[in-house]
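Asks: Show me how the following folds:
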Amino acid sequence: MNSFQLSACAEMLWPDKPIEWRAARLAERGLGVGLWNWPDHDLARLEKAGANYTIMNGYLVGRLADAEGADMLLASVRETAGIGKRLGVERLNLHGTGLGDGGIPVPNHGAFSPGMELRARDTLNRICDIGEEMGLVFTLENLNPLDHPGCPFGSTAAVLSLVSAVNRPQLRINLDLYHTQIGEGDLIRWCEACLPWIGEVQVADNPGRCEPGTGEINYAGIARALHDMGYAGPVAMEAFAADDSDAAVDAFVDAFTL
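Replies: Predicted coordinates for the structure are as follows:
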């Protein structure tokens, strides 16, 4: 029995194939398709792939917690929302700040200044206004401090605090359990805490960021716990294949099929 809406990030699988081939392959497997940044791809080819695009980055530049960065972010969100509507993307993903080469935050804050959280809430409310206007849902993703040092609002706790405070249907949590494992651990209890606001659960094993079964995380147990707490929403594999991409997809589907 498949209790979840399964998808996978096309960017990280079959690296020797064109992105539209990867999208079509995931669609053949019955999975939705996650993307990263839309300018990297030929949109016309993606449209012809016959895929259900479930999530992509919802911005290209900008920041949540300062006036200049927020203005950049809102303009980028509006532009990207139009592309999302064109592709039929279900969720547009956000982070606490823009991510540069290697996932390093731009800028690297290191420490938080007073008032940053209030400014971030205001920016997220303005993004929700765009979502309400355009009929779109945005997700705010947690990140881990090793891969993304100095990212504001990167922790699971910080993301939960922001999204629950805004508390609007246009903003949900993209609960990335790979990042939670590195940053906090205690995955099932974080799932329970975030449950009312989860828009998507993302998975990869740790260490290595490959498919379930290649590391330390008991994803079959997490799948059962999510089901038992009543979650039946999107679960996406954002992971590299340890060896063969089809085998990686098989392992993911097996872990989240109850």
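Asks: Please enumerate the helices of the stretch 1-150 of the chain.
Replies: 19-28, 43-48, 67-87, 116-134 (DSSP state H, counting those that start in this stretch).
Asks: so of those helices, which one's packed in deepest?
Replies: Among the helices of the stretch 1-150 of the chain, helix 19-28 has the highest mean neighbour count (mean count of other C-beta atoms under 10 Å), at a mean of 20. Backbone N, C-alpha and C define where each C-beta goes, glycine included.
Asks: Quick one: closest of the helices of the stretch 1-150 of the chain to Val203.
Replies: When the helices of the stretch 1-150 of the chain are compared by C-beta to C-beta, helix 19-28 sits nearest Val203, at 15.2 Å.
Asks: distance between that closest one and the chain's centre?
Replies: 19 Å (C-alpha atoms, centre = their mean, to the nearest Å).
Asks: other SSEs contacting that helix?
Replies: For helix 19-28, the elements it packs on are strand 32-34, helix 43-48, judged by 3 or more C-beta pairs under 8 Å, 6 or more residues apart in numbering; DSSP states H and E.
Asks: tilt between it and helix 67-87?
Replies: Orientation of helix 19-28 against helix 67-87 (axes from the mean of the first three to the mean of the last three C-alpha atoms, to 10 degrees) gives an angle of 60 degrees.
Asks: Show the average pLDDT along the helix or strand hosting His179.
Replies: For His179, the element it lies in under DSSP states H and E is helix 177-183. Per-residue pLDDT over helix 177-183 has a mean of 97.
Asks: helices or strands next to it in the packing?
Replies: Secondary elements touching helix 177-183 (3+ C-beta pairs under 8 Å, 6+ apart): helix 156-166, helix 187-194, strand 198-203.
Asks: Compare the helices and strands packed on helix 19-28 and give me the one nearest Pro152.
Replies: Closest among these, once you apply C-beta to C-beta, is strand 32-34, at 23.7 Å.
Asks: what comes into contact with that closest one?
Replies: Residues outside strand 32-34 that contact it (C-beta atoms under 8 Å, 6 or more residues apart in numbering) are 5-11, 22-23, 26-27, 49, 51-56, 90, 234, 236, 238.
Asks: so Gly213 touches Ala255, yeah?
Replies: Yes: Gly213 lies in contact with Ala255 (C-beta atoms under 8 Å); the separation is 6.9 Å.
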